[in-house]
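Asks: Predicted model follows, preceded by the sequence.
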Amino acid sequence: MRSFCTICTTSVRVPYRKGLYRNIGKLTPLRQNLSSARESELKALTTKSDETQKNLSTLNPDHRELGIQQELFTTSKFCPGTPIFLPNGTKIFNKLIEYLRSQYEVFGFQEVLTPTIFKKSLWETSGHWDNYAEDMYAVTGRRTLRAQDGESEVQDEPYGLKPMNCPCHCLIFASKGRSYRDLPLRYADFSSLHRNEVAGALSGLTRVKRFHQDDGHIFCRPSQIKGEIRRTLDFVKLTYEVLGLGPYRLVLSTRPSGGFIGTEEEWDNAELALKESLDASGLDWKVNEGDGAFYGPKIDIVLQSSADKKEHQTATIQLDFQLPKRFGLRYQAPAPDVEKKGLVCTDSSLLSVEGPVTPVLIHRAVLGSVERIMALLIEHYNGHWPFWLNPNQAAIITVNDSAETLEYAGEVSRALQGLGKIDSDQASRQSERGIPRDLASISIEVFDKPIGVNHKIAAAKRQRYGIIVLIGPKEVQSGTISVDLSGIPIRNRYTDKILQMISTKANQYVPGQDMKWELILSLVLLDIEETLMAASDRS
């Protein structure tokens, strides 16, 4: 499905202040910017590198091996089931989080920060201590002095590392009085979670003891359930399209045979609400009898691994009538008896009286475990990362080690740091369709060691850099750069169109006035399909 565009460059003047470009030249082949003496060797290196990458793509990818090869993460006997992310892996992790944060503004979520450890009494209130204790880590508190005598000691109440965020988000809801006008309230949380998995079940990034989840909880009125579930399914669809993952299956997990809280009638009502939401989505779905959470039924999104075709549950949407009751959550609403049923009241006499109503809680995670989704992405892309996720985004290669070349390479590196952002109305509108609106600046490494240029190029290609910038005496003298974009995966149907647009607009560009050129340049860098479509439509 993905391909690599042919080697091409655009010679551009380095921006001297805040993204303004001077004299953007015509597209020229990369090899024309190199001496003819290096032509045959560079061609051989490029061909060999392309063949190697092609062969690697045919192998059966395993994220555990690829994680080592790409220096993404490592493990240790001192923390089994808890991966240690290396700089490259941390870059990908942070990009995923940044993307979600950009979309939280669109979907109305507020991010919160919550503790990792809570007293046993909280987990008893939520029901986790009775129904989930085997999967939790219990922590013994420090011994404390009795306040009344200052002599004897007592054991502090046991604590538990949190396996999920819902009880704490209930505490946030309960921290102040709430009205029906406040709902829905949507909280998002990236706190680390701990689950005491059986050692034999641990596997790479897909099954771990400590992980991060894009955890979210929606407190809403009964009448808002279907709308919130529909929005969440839209969020999932958008995100998986941006990540290039899918297709996925939707599974409705129903009431377990035992170990659940609440009445069967409450469960039946919750399951019916999810079924109606799934039917309204127009998507295919199946039932997984008895696999619901202990507090409510759920919709699971199931993805297949590119390596072993094993299925992994990623995103989830869970409907919960129980936790709000256990924590005594209330909001004030007119005609409370009608409000509880999710109906619209038009009787003015009933509307004149307000009363307490228990909110509905929707648990949702779009990625699910960030570690697990990273494992699936590692295997799916097999080293050919989209530019915005690529930990090795750009390499600046110096042709020689003269002082002028090295100084100019530093200037170019600093100038290119601004190319990863678009500050325009177009970009703002596109964020709703999945464009990360505030990506961090481009990750750039300068290859300036005193070794042959061909060896530098080979090393950059071996490490799958998306953009390779070559700088030599010619570039220093002309104030331009030679850019190889062959490492950026661009879909076939857009490649020719973009290159044509760049070549025809290059000589006509006026800094600060032609926003279209800025957008086109960023399209090539970001490699996001929705933006490419938008640019093509505007041409």
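Replies: Received the coordinates, thanks.

Asks: Please, where are all the helices along the stretch 201-350 of the chain?
Replies: Counting by DSSP state H, counting those that start in this stretch, one finds helices in the stretch 201-350 of the chain at the ranges 225-243, 264-281, 323-326, 336-340, 348-351.

Asks: got the buried residues for the first one?
Replies: For helix 225-243, a neighbour-count test (16 or more other Cβ atoms under 10 Å) marks 225-226, 228-229, 231-233, 235-240, 242-243 as buried. Quick note: C-beta positions are derived from backbone N, CA and C, even for glycine.

Asks: Which member of these is positioned nearest residue 96?
Replies: Closest approach between the buried residues of helix 225-243 and residue 96, by Cβ to Cβ: residue 243, at 8.3 Å.

Asks: How about the contacts made by the closest one?
Replies: Neighbouring residues of residue 243 by Cβ atoms under 8 Å, 6 or more residues apart in numbering: 373, 377.

Asks: Show me where the stretch 101-250 of the chain has its strands.
Replies: 110-111, 117-119, 138-139, 143-145, 153-155, 159-161, 185-189, 192-194, 210-220, 249-253 (DSSP state E, counting those that start in this stretch).

Asks: For residue 446, find the nearest of the ones you listed.
Replies: strand 210-220 (31.7 Å).

Asks: Paired strands for that closest one, with orientation please.
Replies: According to DSSP bridges, strand 210-220 forms sheet pairs with strand 185-189 (antiparallel), strand 192-194 (antiparallel), strand 360-369 (antiparallel).

Asks: one step back: now distance to residue 98 too, for the helices of the stretch 201-350 of the chain, in TSV please.
Replies: Output for these, formatted as TSV (distance: least, Cβ to Cβ, whole Å):
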stretch	distance to residue 98
helix 225-243	12
helix 264-281	28
helix 323-326	30
helix 336-340	38
helix 348-351	44
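
Asks: Residue 399 is nearest to which of those?
Replies: helix 225-243 (36.9 Å).

Asks: where's the closest one relative to the chain centroid, distance-wise?
Replies: Distance of helix 225-243 from its chain centroid, counting by Cα atoms, centre = their mean, to the nearest Å, is 14 Å.

Asks: Likewise for stretch 410-417?
Replies: Taking Cα atoms, centre = their mean, one finds stretch 410-417 lying 27 Å from the centre of the chain it belongs to.

Asks: I'd like to know the average pLDDT value across it.
Replies: Averaged over stretch 410-417, pLDDT sits at 77.

Asks: can you check stretch 325-341 too?
Replies: If you average the pLDDT over stretch 325-341, you get 95.

Asks: just stretch 443-459 next, same as before
Replies: Averaging pLDDT along stretch 443-459 gives 91.

Asks: okay, how far is it across that stretch, tip to tip?
Replies: 17 Å (Cα to Cα, to the nearest Å).

Asks: residues of it that come out buried?
Replies: For stretch 443-459, by 16+ other Cβ under 10 Å, it's 443, 444, 446, 447, 448, 453, 454, 456, 457, 458, 459.

Asks: Give me the distance between the second one and residue 358.
Replies: I take that to be residue 444. Distance from residue 444 to residue 358, counting by Cβ to Cβ, to the nearest Å: 53 Å.

Asks: ditto for the first one
Replies: Between residue 443 and residue 358 the distance is 48 Å, computed by Cβ to Cβ.

Asks: surely residue 406 meets residue 396?
Replies: No: using Cβ atoms under 8 Å, residue 406 makes no contact with residue 396, being 10.3 Å away.

Asks: Next, show the common contact partners of the two.
Replies: Jointly contacting residue 406 and residue 396 under the rule Cβ under 8 Å, 6+ apart are residue 448.

Asks: quick one, domains of the protein?
Replies: Under the assignment automatic domain parsing, the domains of the chain span 9-59+383-538, 93-143+154-377.

Asks: re the thing from before, any idea which of the strands of the stretch 101-250 of the chain is most buried?
Replies: Among these, strand 210-220 has the highest mean neighbour count (mean count of other Cβ atoms under 10 Å), at a mean of 23.
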